[in-house]
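Colleague: give me coordinates for this.
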Amino acid sequence: MSITTWEFESPPLHLKFYLKFFFICCGNSSVGRARPCQGRGRGSESRFPLFFYLCLTTTMNLYLRYFNKETLVNSTSEAIAFLRSIPEIDLTPDIEEDLRLYAESDVMYPKRYKVRPRVYFIVIKTTAETMLDFKQKKALHPSQMNTAGREQMQTINSLTEERPGWYEGSLDFKRVVMIPATGKHEYRDTHFVASCKAESGLDCYQRIVAYLRERVDDRSQFPSAKGKNFRFRYLGMWK
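Modeller: This is a model prediction of the structure:
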């Protein structure tokens, strides 16, 4: 494998990796149940748009992650118990209260809480009932399913198309590094580009990830080959 660039300088850890879950808002669970808006007008028929009605009447689970520790829970008490089990996290009463308010609110965007500078734990509302469903992004609103399905099929077809030759693949991932001054670890957004021989775009991705796993902390997070953080282009037949 010919390595063309390896850029380790990057901005602090941020939330963009998790924004793909922003629009998750329907399913079954037991966190943050909201009552539907009472309709006005003749016969008490609700005129509230269906999309918002579904968002308000649905219930949410909570996905939590801190480095390679993660869980999917259906109550704030379980979430708090998980966070308390991690020695590095100082779970203050203010954080506990904010977590409860977030779970009970109609807010759908993910939240992160600072553990120390540039180190956070993440909380995401989701309707996924299992970790597998969450990882496979099955908890989508019905109005998004057709569009998401078509886009995913196009991505899969492009990735799996067999075309032996040289590929250039670029990967944006979360690399775990140790800070020498403190001896503690933090995430670094890292951009990696490599040229390699492969049979397809998916094979290119797998070769790059296999190469990186031998050279970075095993708690580093690699994106899915189907996501926006992996890109590839075909360079031509090998000689």
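Colleague: so is Asp217 in a helix, a strand, or just coil?
Modeller: Assigned by DSSP: H, G, I helix; E, B strand; the rest coil, the conformation of Asp217 is coil.
Colleague: wouldn't it be in contact with Tyr187 here?
Modeller: No. Taking CB atoms under 8 Å as the definition, Asp217 is not a contact partner of Tyr187, at 10.0 Å. Just so you know, the C-beta spots here come from the backbone N, C-alpha and C atoms, and that holds for glycine as well.
Colleague: what's the distance between Glu212 and Gly169?
Modeller: Rather than Glu, residue 212 is Leu. Look at Leu212 and Gly169: by CB to CB, to the nearest Å, they are 11 Å apart.
Colleague: cool, Tyr120 as well?
Modeller: 28 Å.
Colleague: between these two, which is the more surrounded one?
Modeller: Using other CB atoms under 10 Å, the more surrounded residue of Tyr120 and Gly169 is Gly169, with 24 against 20.
Colleague: and Glu199, what does it touch?
Modeller: Applying CB atoms under 8 Å, 6 or more residues apart in numbering to Glu199 gives the contacts Glu162, Arg163, Pro164.
Colleague: so which of the residues you listed is the closest to Gln206?
Modeller: Distances from Gln206 to the contacts of Glu199, taken as CB to CB, are shortest for Glu162 (13.7 Å).
Colleague: how much space between the closest one and Ala198?
Modeller: From Glu162 to Ala198 the distance is 10 Å (CB to CB).
Colleague: also Arg188?
Modeller: Arg188 is 26 Å from Ala198, by CB to CB.
Colleague: which one of these two has more residues nearby?
Modeller: Ala198 (24 against 19).
Colleague: for that one, what are its contacts?
Modeller: Residues near Ala198 by CB under 8 Å, 6+ apart: Pro164, Gly165, Trp166, Tyr167, Cys204, Arg207.
Colleague: identify the contacts common to Asp217 and Tyr187.
Modeller: Common contact partners of Asp217 and Tyr187 (CB under 8 Å, 6+ apart): Arg175, Val176, Val177.
Colleague: domain ranges for the chain?
Modeller: 24-139, 155-236 (automatic domain parsing).
Colleague: could I get those domains as a markdown table with mean pLDDT?
Modeller: A markdown table is the format used below for those (pLDDT from 0 to 100):
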| stretch | mean pLDDT |
| --- | --- |
| domain 24-139 | 75 |
| domain 155-236 | 91 |
